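Chemist: quick one: sequence plus predicted model below, questions after.
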Amino acid sequence: MNSTSAPDSTCTITSSQSIHSQAGHGAAHDASTYQFPHSSIYTENMARQDSREKRRRIEATPPNSELAGTSSDASHISAASPTALEEAEAAAAAAALAPPIDYDHGADSASLTSSIRQHNYEYGLRYHGYRPGLYSFPNDEAEQERDVVMHELSIRFWEERYFLAPVEKQLEMRAQVLDLATGIGIWCEQMADKYPLSSFEGIDLSPIQSAEVPPNVRFYVDDMEHEQGWNVDGNKFDFIHLRHTLHSVRNMPELFRRAYEHLKPGGYFEVQEVECIVRCDDGTVKPGHEYALRTWLDAVASGLRTRCGSDLRAISYATAEMRAAGFEVEEHCRKCPVGTWAADERRRVCGGLLAESLIAGIWGLSARPLAAIGWTRPQIEMLLVTVRDHVRDPRNHAYMNFFTIYGRKPLE
């Protein structure tokens, strides 16, 4: 059953194996040799509790290379940025902390521990060190704060609900839950507090989760798309959750197949994502590339395809892919304003959060994807100035569709 409508019309991190499968693949892949001692792997993340300025000093690093090349994609932009972005300027002024990590897949456990805990630095931004380059966006403080904003948006937008799948009863009793691409782990932590009898596991390429978590939460550094699969038994989980990351999935049919395989019969898989297609119902948004947010999203989409083969708008056809994997699917789609132009208070707040998430993290969201299609730093900076202006302008009544799609694994 599909439903599409406008919003108002309608403590401890314990040691454990990797999630990846070793059977039938010879030697275990790197993450399977890595254990997560509570006292060491998350030490650096305690710095999240320090001041913003201290974190800037810790994480700042100059870009290792300039964005190179030219692109006709920027030819329509008439206004140039008077200065570089604040993030890039701050990074350029700081001393380099570390060179990029050269990840050694044959490393012993000690070397692997060091590699995972360190990070790569490009364009004044910090990226994950484990299997470097797989994910196009940074993991630094600005991106972590954007993760918090997107979490708040999700909760408010769906009327204070952390999920839409009908799994409340299972969670209240004793459920096994897996959160894919958990980010800072805020969804897992808050869900674990709400449902103390259930167990929550979160995986991510970056060790950026809190050091102090509820006792029913475990985090792992791992790649949910690793070629060796998941090192857990099939039919294990009652609920698998993926939020705001489908845009970076390289093989959606395979990921959905894995989710199906590892759910118990009757279990649910839920995916939530903003579609990243600019829409407008009243003609206030200029057509085509006259509206800079549309231009930027198209450029990021092109960059992701070029860089890693993923689709920024993959949520648009996720329902069909979920059905193809065998799920019984229900789709929910609502309009989320971009900016604070909506009259309704809840929609206005949600629109403000979406705009904040775009503006606050826009350099990090742009650097790798746009570099992949040949944009130079000045071209990117010129576009971002215009994007910020258009997003902040309340005369532009833009919105994007926000999807929550969940599927049930049949009992048979």
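Modeler: Yep, it's here. As the structure is a computational prediction, the values presented were derived from the model and not from experiment. Numbers count the residues shown, from 1 in each chain.
Chemist: report the contact partners of the closest residue to Pro214 other than its chain neighbours.
Modeler: In this structure, Pro214 finds its nearest non-sequential neighbour in Ala192, 4.0 Å apart by Cβ to Cβ, 6 or more residues apart in numbering. The way it works is simple: take the backbone N, C-alpha and C, and place the C-beta from them, glycine included. Ala192 makes contacts with Ser198, Phe200, Val213, Pro214, Asn216, Val217, as judged by Cβ atoms under 8 Å, 6 or more residues apart in numbering.
Chemist: rerun that using 10 Å as the cut-off
Modeler: For Ala192, the contacting residues are Val177, Gly185, Ser198, Ser199, Phe200, Gly202, Val213, Pro214, Pro215, Asn216, Val217, Arg218, by Cβ atoms under 10 Å, 6 or more residues apart in numbering.
Chemist: list the beta-bridge partners for the last one.
Modeler: Note on Arg218: beta-bridge partners Glu201, judged by DSSP bridges.
Chemist: re the thing from before, ramachandran coordinates for the residue nearest to Pro214?
Modeler: phi -60, psi -40 (degrees, to the nearest 10).
Chemist: with Val274 instead?
Modeler: phi -80, psi 140.
Chemist: tell me, what residue is most central in this protein?
Modeler: Compute the mean C-alpha point of the chain, and by Cα atoms, centre = their mean the closest residue is Thr245, 4.1 Å away.
Chemist: now do the strands in the stretch 151-300 of the chain.
Modeler: 176-180, 199-204, 217-221, 237-243, 263-274 (DSSP state E, counting those that start in this stretch).
Chemist: mean pLDDT added to those, as CSV?
Modeler: Listed next are these as CSV, based on pLDDT from 0 to 100:
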stretch, mean pLDDT
strand 176-180, 97
strand 199-204, 96
strand 217-221, 93
strand 237-243, 98
strand 263-274, 98
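Chemist: redo those as CSV? Include distance to Glu290 and mean neighbour count.
Modeler: Output for these, formatted as CSV (distance: least, Cβ to Cβ, whole Å; neighbours: other Cβ atoms under 10 Å):
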stretch, distance to Glu290, mean neighbour count
strand 176-180, 37, 24
strand 199-204, 38, 23
strand 217-221, 43, 24
strand 237-243, 32, 24
strand 263-274, 22, 22
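Chemist: need these in a markdown table (columns: distance to Pro337).
Modeler: A markdown table is the format used below for the strands of the stretch 151-300 of the chain (distance: least, Cβ to Cβ, whole Å):
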| stretch | distance to Pro337 |
| --- | --- |
| strand 176-180 | 27 |
| strand 199-204 | 29 |
| strand 217-221 | 33 |
| strand 237-243 | 20 |
| strand 263-274 | 11 |
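Chemist: between those strands, which gets nearest to Ile362?
Modeler: The closest of the strands of the stretch 151-300 of the chain to Ile362 is strand 263-274. By Cβ to Cβ, the value is 14.6 Å.
Chemist: okay, the angle between that closest one and strand 176-180?
Modeler: Counting by axes from the mean of the first three to the mean of the last three Cα atoms, to 10 degrees, strand 263-274 lies at 40 degrees to strand 176-180.
Chemist: now do strand 263-274 against strand 237-243, angle only.
Modeler: 10 degrees.
Chemist: so how far is strand 263-274 from its chain's centroid?
Modeler: 17 Å (Cα atoms, centre = their mean, to the nearest Å).
Chemist: re the thing from before, look up how far Tyr123 lies from the residue nearest to Pro214.
Modeler: 35 Å (Cβ to Cβ, to the nearest Å).
Chemist: neighbours of Pro166, how many?
Modeler: Pro166 has 11 neighbouring residues, counting by other Cβ atoms under 10 Å.
Chemist: that one contacts Gly267, correct?
Modeler: No. Here Pro166 does not reach Gly267: they are 11.3 Å apart, not a contact under Cβ atoms under 10 Å.
Chemist: need the residues touching each of these two.
Modeler: Shared contacts of Pro166 and Gly267, counting by Cβ under 10 Å, 6+ apart, come down to Arg408.
Chemist: ok, Met191 touching Asp179?
Modeler: Yes. Using Cβ under 10 Å, Met191 is in contact with Asp179, at 8.0 Å.
Chemist: find the residues that touch each one of these two.
Modeler: With Cβ under 10 Å, 6+ apart as the test, Met191 and Asp179 both reach Phe200, Gly202, Val217, Phe239, His241.
Chemist: not counting sequence-adjacent ones, nearest residue to the second one?
Modeler: To tie it back to what came earlier, the one meant is Gly202. Thr182 is the one closest to Gly202 (Cβ to Cβ, 6+ apart), at 3.1 Å.
Chemist: and that neighbour, what is it in contact with?
Modeler: 147, 188-189, 200-204, 206, 208-209, 217, 219-220, 224, 241-243, 245.
Chemist: same thing with Phe269?
Modeler: Contacts of Phe269 by Cβ under 10 Å, 6+ apart are 165, 178, 180, 237, 239-242, 255-256, 258-260, 262-263, 322, 325, 327, 329, 405-409.
Chemist: what's the neighbour count on the spatially closest residue to Ile155 that is not a sequence neighbour?
Modeler: Excluding the flanking residues, the one nearest Ile155 by Cβ to Cβ, 6+ apart is Tyr162, at 6.6 Å. Close neighbours of Tyr162, defined as other Cβ under 10 Å, add up to 17.
Chemist: who's in contact with Tyr162?
Modeler: His151, Ser154, Ile155, Leu171, Trp187, Gln190, Met191, Lys194, Tyr195, His241, Arg243, Glu270.
Chemist: which among those residues end up buried?
Modeler: Among the contacts of Tyr162, those classed as buried by 16 or more other Cβ atoms under 10 Å are His151, Ser154, Ile155, Leu171, Trp187, Met191, Tyr195, His241, Arg243, Glu270.
Chemist: Arg346: which of those is nearest?
Modeler: Of all the buried ones among the contacts of Tyr162, Ile155 has the smallest distance to Arg346: 11.7 Å, by Cβ to Cβ.
Chemist: does the closest one touch Gln190 like I think?
Modeler: Yes. Using Cβ under 10 Å, Ile155 is in contact with Gln190, at 8.6 Å.
Chemist: ok, of the contacts of Ala192, which one's closest to Trp341?
Modeler: Using Cβ to Cβ, the contacts of Ala192 come closest to Trp341 at Gly185, 32.8 Å.
Chemist: quick one: the residue nearest to the closest one when sequence neighbours are not counted from Asp179, how far?
Modeler: Nearest non-adjacent residue to Gly185, counting by Cβ to Cβ, 6+ apart: Gln209, 3.7 Å away. Distance of Gln209 to Asp179, given as Cβ to Cβ: 10 Å.
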